[in-house]
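Enquirer: model this:
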Amino acid sequence: MHRVRFGVAVVMVLWCTGCGEDAVSPDPQADTPGVTDEALLVQDCEKAVIESSSLDFGNPLPGLPAALLSRFGAGKDEFEEIELPEDGLGPVFNDVSCVACHIQGGIGGAGTGIETRFGKRNADGSFNPLSQFGGSLIQAQGIKNGDCAQPTEHVPFEANIVAGRQTTPLFGLGLLDAIPDFALRALADPNDRNRDGISGRPNMVTNPVTNRLAIGRFGWKAQVPSVLAFAGDAYLNEMGITNNLFPNESAPQGGAIVCDDGAPGSEMEDADLDGNGMSDGVEKFADFMRFLAPPPVAGPPTDAVVRGSRVFAGVQCARCHQPSFITGEVRGVAALSFRRIFPFSDLLLHDMGSLGDGIEQGQAKGREMRTAPLWGLRVSGPYLHDGRAVGIADAIQAHDGEAARARDLFERLAPQQRSDLLAFLGFI
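Expert: Presented below is the predicted three-dimensional model:
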């Protein structure tokens, strides 16, 4: 995979993980050479980490004006609200609120619940999501309305692919949304022209807001292109609430609805009461995610953490888990604009070999998965898309495909190097 200024500059960025408030530097300088005074760099990073340590998981972005803080607060209330059938919940759904799943570390974090996706690999190798059976996502609960109970969904007999999906964290989502497309395209190398065995590529998906192709950024397959699309998708697929981005009710198991959800009228269940063209609940949910701060680092870095940052780059983890980006301009939101962030992801698809889940979404093939951001890793276990890895070392050892070389280098580390690397990953 092509990497701009990869090598020493990457290590320098890794040493400075956490610089600035809540891991966001206020004055990034694009294309500035890496700092060469290592002792000064470590001192500056320690100071920045100490200053940001008072921030907790789930806080709003630092520097938001009062009006945007108010929108964040209203979005948080919506995020925590328990939905009822009369609000449009169902007829099938996965949980009654967003916070029921996104809670690890703080409101908006990951979750330990594992959802199920299914599909069928045809004899010719093509993928069938089995939409006629409600595929590919299982809604595991059904509403109850009086004496009527909506049957829950199950994996149909025709499926030969079944995959678990763990809840992803939402910390810093607005910052990831603000990364310019060109920055992601610059990291892509779909044909592996430099022959390093890494060939990440963007997942091009239709943005329901614009009805145009866009780079997918969120979800295990990078199947969601924006925070707003993420909000609308979650309302429908996780809670069964129709909205102007996803106006069609989910058909339980692909068939007829047994129990009416009780919502009045035939209009969209998440209404657009303010008349601006966007469902109100979707807007509020998007505001919460957009203005949610990235995860704070775990206190001042130790010597082991600094050494571990070097190991991280040395065993090629940083080739996919890209340490830093500078966001583009977000009109009217200075807190999201031109910020240096440290997500440790390129948001691209990579062929992960046996670690792929078999599901296809957008242009993502069955063996391909998005590079998961590593910031806040310490509060998002268990690990990997299906939660199979209890610890961080287990997750590294399960890597395959394009990540096989990094896995093998990890396996050959001396005990102290491995300890340092895990200290670093537990810090970011």
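
Enquirer: just how off-centre is stretch 220-235 within its chain?
Expert: 9 Å (C-alpha atoms, centre = their mean, to the nearest Å).

Enquirer: if you could redo that for stretch 161-170, that was the one I meant.
Expert: With C-alpha atoms, centre = their mean, you get 11 Å for stretch 161-170.

Enquirer: straight-line length of it, end to end?
Expert: 27 Å (C-alpha to C-alpha, to the nearest Å).

Enquirer: got the buried residues for it?
Expert: By neighbour count with 16 or more other C-beta atoms under 10 Å, stretch 161-170 contains the buried residues I161, A163, G164, R165, Q166, T167, T168, P169, L170. The C-beta positions use only the backbone N, C-alpha and C, and glycine is treated the same way.

Enquirer: tell me if I'm right that I215 and L184 touch.
Expert: Yes - with contact defined as C-beta atoms under 8 Å, I215 reaches L184; the gap is 5.8 Å.

Enquirer: can you put the buried residues of stretch 161-170 in JSON lines and add pLDDT, distance to E368 and secondary structure?
Expert: Compiled in JSON lines, the buried residues of stretch 161-170 are given as follows (pLDDT from 0 to 100; distance: C-beta to C-beta, whole Å; DSSP: H, G, I helix; E, B strand; the rest coil):
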{"residue": "I161", "pLDDT": "98", "distance to E368": "14", "secondary structure": "strand"}
{"residue": "A163", "pLDDT": "98", "distance to E368": "13", "secondary structure": "strand"}
{"residue": "G164", "pLDDT": "98", "distance to E368": "17", "secondary structure": "strand"}
{"residue": "R165", "pLDDT": "97", "distance to E368": "14", "secondary structure": "strand"}
{"residue": "Q166", "pLDDT": "97", "distance to E368": "17", "secondary structure": "strand"}
{"residue": "T167", "pLDDT": "97", "distance to E368": "20", "secondary structure": "coil"}
{"residue": "T168", "pLDDT": "97", "distance to E368": "16", "secondary structure": "coil"}
{"residue": "P169", "pLDDT": "97", "distance to E368": "21", "secondary structure": "coil"}
{"residue": "L170", "pLDDT": "98", "distance to E368": "22", "secondary structure": "coil"}
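
Enquirer: pick out the most distant pair among these.
Expert: Taking C-beta to C-beta as the measure, the buried residues of stretch 161-170 span a maximum distance of 27.0 Å, between I161 and L170.

Enquirer: I'd assumed P252 was in contact with G142.
Expert: Yes - counting by C-beta under 8 Å, G142 does reach P252; the two are 6.9 Å apart.

Enquirer: name the residues contacting each of those two.
Expert: P91, V92, Q150, P151, V258 (C-beta atoms under 8 Å, 6 or more residues apart in numbering).

Enquirer: in strands, which of those fall?
Expert: Among the shared contacts of G142 and P252, the ones falling in strands (DSSP state E) are V92.

Enquirer: for the protein, what's the longest strand?
Expert: strand 114-121.

Enquirer: for the helix or strand just after that one, packing partners?
Expert: Remark: after strand 114-121, the chain's next helix or strand is strand 127-128, criterion DSSP states H and E. Packing contacts for strand 127-128, counted by 3 or more C-beta pairs under 8 Å, 6 or more residues apart in numbering; DSSP states H and E, involve strand 114-121.

Enquirer: now do the residue lying farthest from the centre of the chain against D87, distance only.
Expert: Largest separation from the mean C-alpha position in the chain: D147, at 39.1 Å (C-alpha atoms, centre = their mean). Distance, D147 to D87, by C-beta to C-beta, to the nearest Å: 21 Å.

Enquirer: OK, contacts around S250?
Expert: P91, V92, G134, Q139, L236, N237, G240.

Enquirer: go again with 7 Å.
Expert: V92, Q139, L236, G240 (C-beta atoms under 7 Å, 6 or more residues apart in numbering).

Enquirer: cross these against helices and list the overlap.
Expert: L236 (DSSP state H).

Enquirer: out of the contacts of S250, which is nearest to V390?
Expert: Using C-beta to C-beta, these come closest to V390 at Q139, 27.7 Å.

Enquirer: neighbours of that closest one, how many?
Expert: Neighbour count of Q139, defined by other C-beta atoms under 10 Å: 24.

Enquirer: try R212
Expert: R212, neighbours per other C-beta under 10 Å, totals 9.

Enquirer: and for the one 3 residues further on?
Expert: Applying other C-beta under 10 Å, we find 20 residues neighbouring I215.

Enquirer: you'd agree it is up against D181?
Expert: Yes - at 5.5 Å, I215 counts as touching D181 under the criterion of C-beta atoms under 7 Å.

Enquirer: re earlier: which residues do I215 and L184 both contact?
Expert: Joint contacts of I215 and L184 (C-beta under 7 Å, 6+ apart) are P202.

Enquirer: where does the residue nearest to I215 when sequence neighbours are not counted land on pLDDT?
Expert: Leaving aside its sequence neighbours, I215 sits nearest to P202 (C-beta to C-beta, 6 or more residues apart in numbering; 4.4 Å). Here the pLDDT value assigned to P202 is 98.
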